[in-house]
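Engineer: The sequence isn't on hand, but the structure is:
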């Protein structure tokens, strides 16, 4: 899974970048969710960490719970780069024009 | 009839599950293992459209569980000495590295030698006689080159309680 793709998803849902630590990018939830104790979602910077895939799977699980989305579909989406998503969109748009 | 090792494994798993539940965190047994016996997950409460909801925060901590009996450990100078397999020790060392984002610690559960003394039950209570200590290698610890086991010393102050589990995310997360 790619952090950049998850970040794009979060921004599209109104999450705001709220700084970073040495290991994580932090995101503030949109106002529609009122979390206890100032919760921020943290996305890892290092995609080469041994536990990166498992951490991202937990993030996909969290977001699927939050937005009532299928976890598997979200994981598939997050497993694509933004470039891959763009080119797929162009491809499907072209196909649909002739459907 | 389950073999003694399976009994010990199950008892230690449910001991962790109950302490984590008391602490209000989620604990899940990892069916695939890969050196991880349980994963603790942080749960956050939030309000959406006047309804209280809960979700995983994404943060997790892995746990290696070892269950043994009094005879297999020694208590000296305020610490329990325990022999851990090299692979398990090195897994803990790797997870201690700065870049790692899901930390891991070891929990050693020590039961009395006599299985009849493990549980004490009455109508009101069910008491488990189990010492339980957590361990994580110090920062900067290098991988062990030992062939089979590494002797570790766990101070008795590192007793795992529901209170310890309640603060586990503040304690271990980067």
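Structural biologist: Great, that's in hand. These numbers were taken from a predicted model, which means no experiment stands behind them. Residues are numbered from 1 along each chain as shown, chains lettered A, B, ... in the order given.
Engineer: contacts and neighbour counts: CA atoms only from here.
Structural biologist: Fine.
Engineer: Which positions in chain A make contact with chain B?
Structural biologist: With the criterion set to Cα under 8 Å from any Cα of the partner chain, chain A comes near chain B through A:23, A:32-36, A:39, A:41-42, A:44, A:46, A:49-52, A:55-56, A:58-59, A:61-62, A:65-66.
Engineer: Secondary structure class of the spatially closest residue to residue B:54 that is not a sequence neighbour, three-state.
Structural biologist: The shortest distance from residue B:54 to any non-neighbouring residue, by Cα to Cα, 6 or more residues apart in numbering or on different chains, is to residue B:45 (4.5 Å). For residue B:45, the secondary-structure state derived from DSSP: H, G, I helix; E, B strand; the rest coil is strand.
Engineer: can you tell me the average pLDDT over the strand or helix carrying residue A:90?
Structural biologist: Using DSSP states H and E, residue A:90 sits in helix A:82-97. The average pLDDT for helix A:82-97 rounds to 83.
Engineer: Residues contacting it, please?
Structural biologist: Identification of contacts with helix A:82-97 by Cα atoms under 8 Å, 6 or more residues apart in numbering or on different chains yields A:4, A:5.
Engineer: Likewise for stretch A:22-30?
Structural biologist: For stretch A:22-30, the external contacting residues (Cα under 8 Å, 6+ apart) are A:13-20, A:39-46, B:99, B:101, B:174.
Engineer: dump the residue contacts of whatever residue of chain B ends up closest to chain A.
Structural biologist: Across chain B, no residue is closer to chain A than residue B:46, which sits at 4.1 Å (Cα to the nearest Cα). Going by Cα under 8 Å, 6+ apart, residue B:46 touches A:33, A:34, A:35, A:36, B:52, B:53, B:54.
Engineer: Those residues, buried ones only, as a ChimeraX selection?
Structural biologist: Of the contacts of residue B:46, the buried ones go into a single ChimeraX selection, burial set by 16 or more other Cα atoms under 10 Å in any protein chain shown:
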select /A:34,35 /B:53
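Engineer: Apart from its neighbours in sequence, what residue is nearest residue B:126?
Structural biologist: Closest residue to residue B:126 apart from its sequence neighbours, by Cα to Cα, 6+ apart: residue B:120 at 5.8 Å.
Engineer: which SSE is that neighbour in?
Structural biologist: With DSSP H and E as the criterion, residue B:120 is inside strand B:119-121.
Engineer: dump the residue contacts of the residue of chain A found nearest chain B.
Structural biologist: Chain B sits closest to residue A:35 of chain A, with a gap of 4.1 Å, by Cα to the nearest Cα. In this structure, residue A:35 makes contact with B:44, B:45, B:46, B:47, judged by Cα under 8 Å, 6+ apart.
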